[in-house]
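Chemist: Got a predicted structure plus its sequence, pasted below:
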Amino acid sequence: MYYLLIGIVVLERLAELVVSRRNARWSFTQGGREFGRPHYVVMVILHAALLVGCLVEPAALHRPFLPWLGWPMLVVVGLCQVLRWWCITSLGKRWNTRVIVLPHEPLVKRGPYRFLHHPNYVAVVAEGVALPLVHTAWLTALCFTLANAALLTVRLRVENSALGYT
């Protein structure tokens, strides 16, 4: 069942990429300007590595499913998906996986953006811990969390600068 969950997450990520590419094309036609392109490939590799780690670690290291850990982590994964798609729908055509800013457009202040500048990263961080821990892949959770913290340091600096937060 865990591998089915990972397959569903992979399909969800592919759907995100379709939406992202469509929205990026639209943003560029509206005069959008991209920032931080060099770190984007690192982000893609890191997120793909998370999914690979979720598949490999439980099988290779014979990680058991621990109900007391796995079920709560599955709930967290589900809540992360809800938050992620709330972010996507709140930003509408302006959402994508890259940092593309439309000139002269005000910042979005609806949905979860009423409360936080970067709510999607709350989902990313929580899911990076929870998804591997559904099946006790704690090495994957730890490695992803540390690498993602370094990446988010760069990503948030780029986004905050591009959006005028700094």
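Modeler: That came in fine, so what should we check first?
Chemist: Going along the chain from the biggest helix by length in the chain, find the next helix or strand for me.
Modeler: Longest helix in the chain, counting residues (DSSP state H): helix 2-29. Counting by DSSP states H and E, the next helix or strand C-terminal to helix 2-29 is strand 33-35.
Chemist: partners of that following strand in the sheet?
Modeler: Each strand paired with strand 33-35, and its direction, by DSSP bridges: strand 99-101 (antiparallel).
Chemist: Report the mean per-residue pLDDT for the strand it pairs with.
Modeler: Strand 99-101 shows a mean pLDDT of 95 in the predicted model.
Chemist: which residues make contact with it from outside it?
Modeler: Contact with strand 99-101 is made by 24, 27-28, 32-36, 155, 158-159, 162-163, as judged by Cβ atoms under 8 Å, 6 or more residues apart in numbering. Yep, even glycine has a C-beta here, placed from its N, CA and C like the rest.
Chemist: Find the pair from the residues you listed with maximum spatial separation.
Modeler: Phe28 and Arg155 (20.0 Å; Cβ to Cβ).
Chemist: which strands and helices sit next to the helix or strand containing Ala48?
Modeler: Element membership for Ala48 (DSSP H and E) is helix 37-60. For helix 37-60, the packing partners by 3 or more Cβ pairs under 8 Å, 6 or more residues apart in numbering; DSSP states H and E come out as helix 2-29, helix 119-133, helix 138-163.
Chemist: Over the helix or strand following it, what's the mean pLDDT, rounded is fine.
Modeler: Counting by DSSP H and E, the next helix or strand C-terminal to helix 37-60 is helix 67-91. Averaged over helix 67-91, pLDDT sits at 97.
Chemist: Next, the angle from helix 67-91 to helix 2-29.
Modeler: Relative orientation of helix 67-91 versus helix 2-29 (axes from the mean of the first three to the mean of the last three Cα atoms, to 10 degrees): 20 degrees.
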